[in-house]
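Novice: 3D model of this:
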Amino acid sequence: TATYIPQWTDSDTIGDSVIAQNGSYIGIGTDAPLELLHLQSTGTLEPVLRIENTHTDHKNPMIHLVKSTTNEADDDYVGQIDFKGMNSAGEETPYGRLQAIATDVTDGEEDGRIYLASMNAGALDATLNVTSGKVGIGIAAPVAKLDIKTAINGTSIRLTSTDTSPLALNDVLGSIQFYNSDGSAGAETLSASIKTLNTEVTTGRYARLGFFTAAGATTETERLSILRDGKVGIGTVSPAEDLTVAGQNDPNIQLYSNRQGISAGTDLGNLSWSAWSSEGSTTRRSVGGIAMVAEGTWLGGTETQSAALIFKTRENPSTYAERMRLTGEGKVGIGTNDPSVLLDVYQATVADSAQTLLKVRGTNDASLLVEGANDNTTVGYGTNRSGGAIRLRNTNDTVGNYESICFSNADNFINTGIHAINVA
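Specialist: Numbers count the residues shown, from 1 in each chain. Down below sits the predicted model:
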């Protein structure tokens, strides 16, 4: 038959072989080959191309795709395998592709890229790329060993447990493990892991995210847990509040500043509270805070390395101010940021009705104890130098101003009092 290469079918008969030639094209199973070598079969799961090696060593058979040229250049395509099928319009369409590219052809510095593409909405999408020893998913030039790029709000990695049996508490639904391959240890050792752990029996609908560190090759301890309702536990897997810290002995939280060139007033750390400024607002406003600030210069040979703890609250939309300060030497100031004694209370001039700065109350009797232990008879006030004292001082020495101790009833009616009046 025309185009078929003849073969002896018996000792004296020549017939058609399975090989056909059409110009320079060779066909097996077809007399109209479309490429240099075209294999065709009407059977299921055929044709099959088998390349077999029977040597007794451990080496394998090979397929070489070679781009041989004298004008090689960066980004030359050097090999390609397409996986094609027909679409609904009867068109032969590549649904998948494996292709290699020489990204750098400089002698001694050669780099390459091989990508796996699949058809996505009518176009081939080079989703998986192996470039110069790095793997990129969604990116052709990965910058890390594994580099994943996806659209905003897209899912990058999905881990799904295939176990359909009833789940127990703390069953691991998925994990990422980090190993140390320190050669001195002789083997890879587990360093840390991130796991999703079941928190509901049977259904597995609810889980927590656990962060583990390893103390040995296989021993892990959960250090931080995030529950499905957003509660975070450090040292506990069942936090009762938004943040619960549990220590083996005494739990501690440290705020550390890396700031250099610290001077008086430099902010060293804050705890703050904020809320929406009004109903339906999208603006948050600070309503309270605790801050640590430096009290002097921490630079060169003049370091004081002292700091004060300050407390702030918001009075109204425009007033967010310091209310109390605890200095580095232990003095407390209320209404002043420079207390001169252990407790210094100050209020700016206001109406007389608002002049009360310190109130001592009790359900029965209320008392204020001022106690001293000075037994030095050469210092102090009065003849009894072993007790405490209450001093009233008016810093305005205008004649007629006075200092007083008053005793009043529940209606604030003064029953009696002791007054000292400036006369000069």
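
Novice: going forward, measure contacts between C-alpha atoms and count neighbours the same way
Specialist: Will do.

Novice: what helices or strands is the lengthiest strand in the chain leaning on?
Specialist: The strand spanning the most residues in the chain, taking DSSP state E as the definition, is strand 92-104. On a contact count with 3 or more C-alpha pairs under 8 Å, 6 or more residues apart in numbering; DSSP states H and E, strand 92-104 meets strand 76-86, strand 111-120, strand 123-131.

Novice: Contacts only, for the residue nearest in space to the middle of the chain.
Specialist: Geometric centre of the chain, nearest residue: residue 211, 11.7 Å, by C-alpha atoms, centre = their mean. The contact partners of residue 211, by C-alpha atoms under 8 Å, 6 or more residues apart in numbering, come to 192, 193, 194, 195, 222, 223, 224, 225.

Novice: which SS state does the nearest residue to it once chain neighbours are set aside fall under?
Specialist: In space, residue 211 comes closest to residue 194 once its chain neighbours are excluded; the distance is 4.7 Å by C-alpha to C-alpha, 6 or more residues apart in numbering. Assigned state for residue 194: strand (three-state reduction, DSSP: H, G, I helix; E, B strand; the rest coil).

Novice: give me the number of residues near residue 194?
Specialist: When counting by other C-alpha atoms under 10 Å, one arrives at 18 neighbours for residue 194.

Novice: For beta bridges, what are the partners of it?
Specialist: Note on residue 194: beta-bridge partners residue 176, residue 211, judged by DSSP bridges.

Novice: for residue 222, same thing?
Specialist: residue 212.

Novice: That one reaches residue 215, doesn't it?
Specialist: No: applying C-alpha atoms under 8 Å as the test, residue 222 and residue 215 come out as separate, 11.0 Å apart.

Novice: that older thread, residue 17: which of the helices and strands packed on strand 92-104 is closest?
Specialist: With C-alpha to C-alpha as the criterion, residue 17 lies closest to strand 76-86 of the helices and strands packed on strand 92-104, at 27.6 Å.

Novice: List the buried residues of that closest one.
Specialist: 76, 77 (16 or more other C-alpha atoms under 10 Å).

Novice: same deal with stretch 123-131?
Specialist: Buried-residue list, stretch 123-131, by 16+ other C-alpha under 10 Å: 125, 126, 127, 128, 129, 130, 131.

Novice: pull the CA atoms of it into CSV?
Specialist: C-alpha atoms of stretch 123-131 as CSV (Å, rounded to 0.1, in the frame of the first residue of the first chain):
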residue,chain,number,x,y,z
ALA,A,123,-5.0,30.5,28.4
LEU,A,124,-2.1,28.5,29.6
ASP,A,125,-1.1,29.6,33.1
ALA,A,126,2.5,28.8,34.2
THR,A,127,1.5,28.1,37.8
LEU,A,128,4.5,26.0,39.0
ASN,A,129,8.0,27.3,38.2
VAL,A,130,11.4,25.8,39.2
THR,A,131,13.9,28.5,38.7
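
Novice: List the beta-bridge partners for residue 272.
Specialist: In beta-bridge terms (that is, DSSP bridges), residue 272 pairs with residue 289.
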